[in-house]
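**Student:** Sequence and predicted structure, then a few things I'm wondering about:
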Amino acid sequence: GAVVSQHPSWVICKSGTSVKIECRSLDFQATTMFWYRQFPKQSLMLMATSNEGSKATYEQGVEKDKFLINHASLTLSTLTVTSAHPEDSSFYICSARGPGTSGNEQYFGPGTRLTVT
Amino acid sequence: GNSVTQMEGPVTLSEEAFLTINCTYTATGYPSLFWYVQYPGEGLQLLLKATKADDKGSNKGFEATYRKETTSFHLEKGSVQVSDSAVYFCALRGYNQGGKLIFGQGTELSVKP
């Protein structure tokens, strides 16, 4: 149980275009989802926290107009990178938790590798 | 603010060697502490956790003890295997922080046969 999927697993896009990444909780209701960014050989940096039906809370330094997060249902959150640039290339990871998860823990998706050319 | 510091990698060991990955933290109150593992090309998996002082988390032969007096949560395994090769992240979840996890920088472990 407590499986989180992400789609796509990798994506290449041209500079200036937008790309959407989906995060789904497959077998539980995710009242809260988190979006992280991971640079090569570095740690995960929390970008934002989203609660179902509410606006996302962004961490300091994260551009909310660039990284649009929508958590419209209890099983789906999306991250849209708008007007992507090469410096947005990174590994994006989501996690989810909800009342059905053990000890209120976060469960992580497998990540999405974004390359902007 | 809260923070986590891990020993730098990469760490290279021979199979069956003893592993220690150091982790120290700074936090107000009583955080919960975690070790996550990330295998190549995969997402993070929870390895073990401890929620209060002197708790010992254990899983798959790995152990870590929550030491409040030294603000540490070092990861240990008595005999590593090649399949343990991965990146290990120490993390904390502060009290009343909305569930946010703060990660250390990760330690890459490579186990050679």
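**Tutor:** Nice, I can see it. Residues are numbered from 1 along each chain as shown, chains lettered A, B, ... in the order given.
**Student:** what does chain A put close to chain B?
**Tutor:** For chain A, the residues found near chain B under the criterion Cβ under 8 Å from any Cβ of the partner chain are A:4, A:6, A:32, A:34, A:41-44, A:46, A:49, A:57, A:93, A:95, A:97, A:103-111. C-beta coordinates here come from the backbone N, C-alpha and C atoms, glycine included.
**Student:** Any of these buried? List them.
**Tutor:** Buried members of the residues of chain A next to chain B, counted by 16 or more other Cβ atoms under 10 Å in any protein chain shown: A:4, A:6, A:32, A:34, A:43-44, A:46, A:49, A:93, A:95, A:97, A:105-109, A:111.
**Student:** So for stretch A:45-58, first residue to last residue, what's the gap.
**Tutor:** With Cα to Cα, to the nearest Å as the measure, the first residue of stretch A:45-58 is 12 Å from its last.
**Student:** ok, B:K68 - contacts?
**Tutor:** Shown in contact with B:K68 (Cβ atoms under 8 Å, 6 or more residues apart in numbering or on different chains): B:30, B:53-54.
**Student:** From these, which land in strands?
**Tutor:** Where the contacts of B:K68 are compared with strands, as defined by DSSP state E, there is no overlap at all.
**Student:** Restricting to the residues you listed, which residues neighbour chain A?
**Tutor:** Those of the contacts of B:K68 which are also neighbours of chain A - as judged by Cβ under 8 Å from any Cβ - do not exist.
**Student:** residue boundaries of the strands in chain B?
**Tutor:** For chain B, the strands defined by DSSP E cover B:3-6, B:11-14, B:19-21, B:23-26, B:32-38, B:44-50, B:56-59, B:62-65, B:75-77, B:86-93, B:101-103, B:107-112.
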